[in-house]
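> Sequence and predicted model, in that order:
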Amino acid sequence: MPIVNRIAALQPEIAAWRQDIHAHPELMFDVHRTAASVAEKLKAFGCDEVATGIGRTGVVGVIRGRKGSGTRTIGLRADMDALPITEATGLPYQSTVPGKMHACGHDGHTAMLLGAAKYLAETRNFDGTAVVIFQPAEEGGGGGREMVNDGMMDRFKIEEVYGMHNYPGLPIGEFAIRPGPMMAAADRLYIDIEGVGGHAARPHVSIDTVLVGAQIINQIQSIVSRNVDPLESAVVSITQFHAGTADNIIPQTARLSGTARSLTPHVRDTLEKRLHEVVEGTAKLYGAKAKLVYKRDYPVTRNHERQTAFAASVASEVAGGERVDVAAPPVMGAEDFSFMLEARPGAFIFIGNGDSAGLHHPAYNFNDEVIPVGTSYWVRLVETALPG
């Protein structure tokens, strides 16, 4: 595996950055410590420009090539935020913040891009401009959308943008990518049910919102099985059910919430339409009322064909062609890098994290052995896209 020698030498330093970030997780846009550390390092590396507060708490570094005559600019993006999970790894550097942990590897993503920035600022073996993007609030906050809406693409003249995410179960040193839909659209569901409350011993004079909610949960599962083409993909999951205040009271109201996932616009439209019909119809059947709020959130993460082929070729150079899956199946998780891919052409790639716990699991940990591979990918992406 042709790992860049200088990056291999930097691995202990990059791993130390990663472990420090891991020990101090921050959520959503509240990534002030992480963002300050990133900005401080980018300045110390000698980046030509370091901008903070992009998309509220995002950080952008600009590195210009040695020759200075190239006009092309590409962006490389990493995410900085953690998750509201209590860590169960027992690591020496495990989270020092109760109820928060880096359970998705954003600590590793940030550290690898920092390593690439350090190398690129030292060597500048390219002709053009590399823009390193450190984004807050990927985990449900839409930080990518906020950075785009803040004018990042135009301000830094970004022409193409690339992202990377670790993938548990994929061997270290391997990559996976595909053109077109790479990750699903993620929409939010909020269902408010109103019945008639009363004594639990007299259900016949009440309209039980717990029963209605249970029936709605059962019925909406028929949408995917009976309204979506079996050759297409969709997921509807109800993840919260809130009702009641005591064991002898039939609650007047109940609230369900969850998510709907899809890979194509027409399936997304079908889910929204049928969810309204099923929710309202099921409630009416039991004499209750129900209102669905369907909030379209992250769009499909859609890779652009030319940039995907280019990213795959760079990954093949780093890992070997036999270790790059160029036709990986899409996954139903979501990514707000999708907003950046809507604003500019680019590609999102998975990098193997080895035999680790899954993402969003309390025992998950980013594997530091990935660092030389991922950092080399970023470096070679810039040097190949912007040849000096």
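Thanks, I have it. Being a predicted model, the structure only gives us computed values, none of them experimental. Numbers count the residues shown, from 1 in each chain.
> okay, CA-based contacts and neighbour counts for the rest of this
Noted.
> Is there a neighbour count for Gly105? I'd like the number.
27 (other Cα atoms under 10 Å).
> now do the one 4 residues further on
Taking other Cα under 10 Å as the criterion, the count of residues near His109 is 26.
> same check, this time on Lys157
Lys157: 16 neighbours (other Cα under 10 Å).
> what pairs with the nearest residue to it once chain neighbours are set aside across the strands?
Spatially, and ignoring its direct neighbours in sequence, Lys157 is nearest to Thr73 (6.5 Å; Cα to Cα, 6 or more residues apart in numbering). Counting by DSSP bridges, Thr73 is bridged to Thr129.
> do the one 10 residues further on as well
On DSSP bridges, the residues paired with Leu83 through beta bridges are Met101.
> dump the residue contacts of it.
Neighbour list for Leu83: Pro25, Glu26, Leu27, Lys100, Met101, His102, Ala103, Cys104, Glu139, His360 [criterion: Cα atoms under 8 Å, 6 or more residues apart in numbering].
> Quick check: pLDDT value at it.
pLDDT, Leu83: 98.
> now do Glu342
97.
> Near it, how many residues? Count them for me, please.
Neighbours around Glu342, by other Cα under 10 Å: 17.
> With the one 10 residues further on instead?
For Gly352, the count of nearby residues is 22 (other Cα under 10 Å).
> picking up where we left off before, pretty sure the residue nearest to Lys157 contacts Tyr162?
No: between Thr73 and Tyr162 there is no contact under Cα atoms under 8 Å: 11.7 Å.
> Neighbour count for these two, which is higher?
Between Thr73 and Tyr162, counting by other Cα under 10 Å, Tyr162 is the more crowded of the two (26 against 22).
> The more buried one sits in which helix or strand?
strand 160-167 (DSSP states H and E).
> which strands and helices sit next to the following helix or strand past that strand?
The C-terminal neighbour of strand 160-167 among helices and strands, as given by DSSP H and E, is strand 175-176. Judged by 3 or more Cα pairs under 8 Å, 6 or more residues apart in numbering; DSSP states H and E, strand 175-176 is in contact with strand 324-325, strand 346-352.
> Which parts of the stretch 251-388 of the chain are strands?
253-262, 289-298, 301-303, 324-325, 346-352 (DSSP state E, counting those that start in this stretch).
> Looking at the ones you listed, spot the one closest to Asp127.
strand 346-352 (19.2 Å; Cα to Cα).
> Partner strands of that closest one, with direction?
strand 160-167 (parallel), strand 175-176 (antiparallel).
> Redo those as TSV? Include mean pLDDT and distance to Val379.
Converted to TSV, the strands paired with strand 346-352 look like this (pLDDT from 0 to 100; distance: least, Cα to Cα, whole Å):
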stretch	mean pLDDT	distance to Val379
strand 160-167	98	12
strand 175-176	98	16
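> burial count for Gly287?
When neighbours are counted by other Cα under 10 Å, Gly287 registers 16.
> Do I have it right that it meets Gly195?
Yes: here Gly287 reaches Gly195: they are 7.4 Å apart, a contact under Cα under 8 Å.
> Export the strands of the stretch 251-388 of the chain as TSV, with columns for distance to Val236 and mean pLDDT.
Below are the strands of the stretch 251-388 of the chain laid out as TSV (distance: least, Cα to Cα, whole Å; pLDDT from 0 to 100):
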stretch	distance to Val236	mean pLDDT
strand 253-262	4	98
strand 289-298	12	97
strand 301-303	18	98
strand 324-325	28	98
strand 346-352	24	98
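> Reformat those as JSON lines; add distance to Ile172.
Formatted as JSON lines, the strands of the stretch 251-388 of the chain follow (distance: least, Cα to Cα, whole Å):
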{"stretch": "strand 253-262", "distance to Ile172": "28"}
{"stretch": "strand 289-298", "distance to Ile172": "28"}
{"stretch": "strand 301-303", "distance to Ile172": "23"}
{"stretch": "strand 324-325", "distance to Ile172": "11"}
{"stretch": "strand 346-352", "distance to Ile172": "5"}
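> Indicate which one of those is closest to Met332.
Smallest distance to Met332 across these (Cα to Cα): 6.4 Å, for strand 253-262.
> Just the CA trace of the closest one, in PDB.
Below are the C-alpha coordinates for strand 253-262, written out as PDB (Å, rounded to 0.1, in the frame of the first residue of the first chain):
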ATOM      1  CA  THR A 253     -53.000  12.700  23.800                       C
ATOM      2  CA  ALA A 254     -50.000  10.800  22.400                       C
ATOM      3  CA  ARG A 255     -47.000  11.600  20.200                       C
ATOM      4  CA  LEU A 256     -45.000   9.400  17.900                       C
ATOM      5  CA  SER A 257     -41.900  10.400  16.100                       C
ATOM      6  CA  GLY A 258     -39.500   8.700  13.700                       C
ATOM      7  CA  THR A 259     -37.800   8.800  10.300                       C
ATOM      8  CA  ALA A 260     -38.500   8.000   6.700                       C
ATOM      9  CA  ARG A 261     -35.600   7.100   4.400                       C
ATOM     10  CA  SER A 262     -35.500   6.900   0.600                       C
END
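> Please list the outside residues in contact with it.
184-197, 209-210, 213, 233-244, 268, 271, 300, 332-333.
> Per-residue pLDDT of the residue sitting nearest the centre point of the chain, please?
What sits nearest the mean C-alpha location of the chain, by Cα atoms, centre = their mean, is Glu335, with 3.5 Å. On pLDDT, Glu335 comes in at 96.
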